[in-house]
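*Asks:* The following block contains a protein sequence and its predicted model.
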Amino acid sequence: MTLVATAHERGITTLTLDAPAKRNALSARLVGELADAFTGCAKDPSVRAVVLSHTGTTFCAGADLKEPPNPYTFVALLRQIVEHPKPVVARVTGHVRAGGLGLLGACDIVIASTDSDFAFTEVRIGVAPAVISMPLLPRMTPRAAARHYLTGETFDAAEAVTDGLVTEAADDVDSALTPVLDALRRGSPQGLAESKRLLSARVLETFDQYAEDLVQRSASLFATAEAREGMSAFLERRDAAWVR
């Protein structure tokens, strides 16, 4: 059973994260399937743009703590989305946590329902949003990033728009997507690809400069006793030992 469903209509390919029982967590298998799907879209001349959507009430809960992806593989996926020759539009109608926010940062346009919510939960399990900082920090306002990285608070779609994480918050996401996708259909393949190259250049410079360091930093954090306690507390649905 595939974890990423694919559909195509009038130049738009929709890739749907389809592991709702695991809240679309980023397992090694899901990351691999998603990377393969994006590769297929890049090679297909009939694809004008890609929509990244989801089943269930959670867009993506972040890393699957039981079956995590190789960090280099996840970095490669984020970079693949950033430098993809076709525009990538995220469709969000639910919760987004941790590594799921990295996926949004890698996308070009993000449309979220007004009842969606977001949180950088890494700090609460003893790690940091290291790898996902590459696509996110160039897009988010510095003060917003500082608050969300450090507190792990949940925030809504309206705040996500103000912070630079989301393009538009809408009561009806599909109605909001319609004019965006119609406009992308009118763009020439070359025009879209070259415009996207201009938009992604600064983000890709961040990958070039920091990817290796951030992968190593993330791996070292997950290997600590504090992170093991944080992950155990999360899985056991209890407060970590450091909570006061």
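*Replies:* It's in.
*Asks:* which residue is nearest the centroid of this structure?
*Replies:* residue 103 (1.4 Å; C-alpha atoms, centre = their mean).
*Asks:* Please determine how far that residue is located from residue 62.
*Replies:* 10 Å (C-beta to C-beta, to the nearest Å). Every residue, glycine included, has its C-beta placed from N, CA and C.
*Asks:* Report the set of residues contacting both of those two.
*Replies:* The contact sets of residue 103 and residue 62 do not overlap (C-beta atoms under 8 Å, 6 or more residues apart in numbering).
*Asks:* Can I take it that residue 135 is in a helix?
*Replies:* Yes: applying DSSP: H, G, I helix; E, B strand; the rest coil, one finds residue 135 inside a helix.
*Asks:* Mind listing what's buried along stretch 37-57?
*Replies:* For stretch 37-57, burial by neighbour count (16 or more other C-beta atoms under 10 Å) applies to 37-38, 41, 47-56.
*Asks:* end to end, how far does it reach?
*Replies:* Stretch 37-57 has its terminal residues 22 Å apart, counting by C-alpha to C-alpha, to the nearest Å.
*Asks:* quick one: it to chain centroid distance?
*Replies:* Computed by C-alpha atoms, centre = their mean, to the nearest Å, the chain-centroid distance of stretch 37-57 equals 14 Å.
*Asks:* Check stretch 147-163 too.
*Replies:* Counting by C-alpha atoms, centre = their mean, stretch 147-163 comes out at 15 Å from the chain centroid.
*Asks:* What is the end-to-end distance of it?
*Replies:* 11 Å.
*Asks:* and it, which residues are buried?
*Replies:* For stretch 147-163, by 16+ other C-beta under 10 Å, it's 147-149, 152, 155, 157, 159-160, 163.
*Asks:* again with stretch 59-78
*Replies:* In stretch 59-78, counting by 16+ other C-beta under 10 Å, buried: 59-65, 68-69, 71, 74-78.
*Asks:* Make sure the residue nearest to the centre of the chain is indeed in a helix.
*Replies:* Yes: secondary structure of residue 103 (three-state DSSP): part of a helix.
*Asks:* Once you drop chain neighbours, what's closest to it?
*Replies:* residue 60 (5.9 Å; C-beta to C-beta, 6 or more residues apart in numbering).
*Asks:* what's near enough to touch the one you found?
*Replies:* 17, 23-26, 54, 96-97, 99-100, 103.
*Asks:* If we use 6 Å, what do you get?
*Replies:* Residues counted as contacts of residue 60 (C-beta atoms under 6 Å, 6 or more residues apart in numbering) are 24, 100, 103.
*Asks:* can you list those in TSV and add distance to residue 128 and pLDDT?
*Replies:* Shown next, in TSV, are those (distance: C-beta to C-beta, whole Å; pLDDT from 0 to 100):
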residue	distance to residue 128	pLDDT
24	22	98
100	16	98
103	18	98
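*Asks:* can those residues go into TSV with extra columns for distance to residue 187?
*Replies:* Formatted as TSV, the contacts of residue 60 follow (distance: C-beta to C-beta, whole Å):
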residue	distance to residue 187
24	29
100	27
103	23
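*Asks:* quick check, nearest of these to residue 192?
*Replies:* Set against residue 192, the nearest of the contacts of residue 60 by C-beta to C-beta is residue 103 (20.2 Å).
*Asks:* distance of the closest one from residue 83?
*Replies:* 15 Å.
*Asks:* State the pLDDT value of the closest residue to residue 45 other than its chain neighbours.
*Replies:* Here the nearest residue to residue 45 in space, its sequence neighbours aside, is residue 189; by C-beta to C-beta, 6+ apart that works out to 7.3 Å. Turning to residue 189, the model gives it a pLDDT of 96.
*Asks:* Residue 68 now?
*Replies:* 89.
*Asks:* Give the helix, strand or coil label for it.
*Replies:* Going by three-state DSSP: residue 68 is coil.
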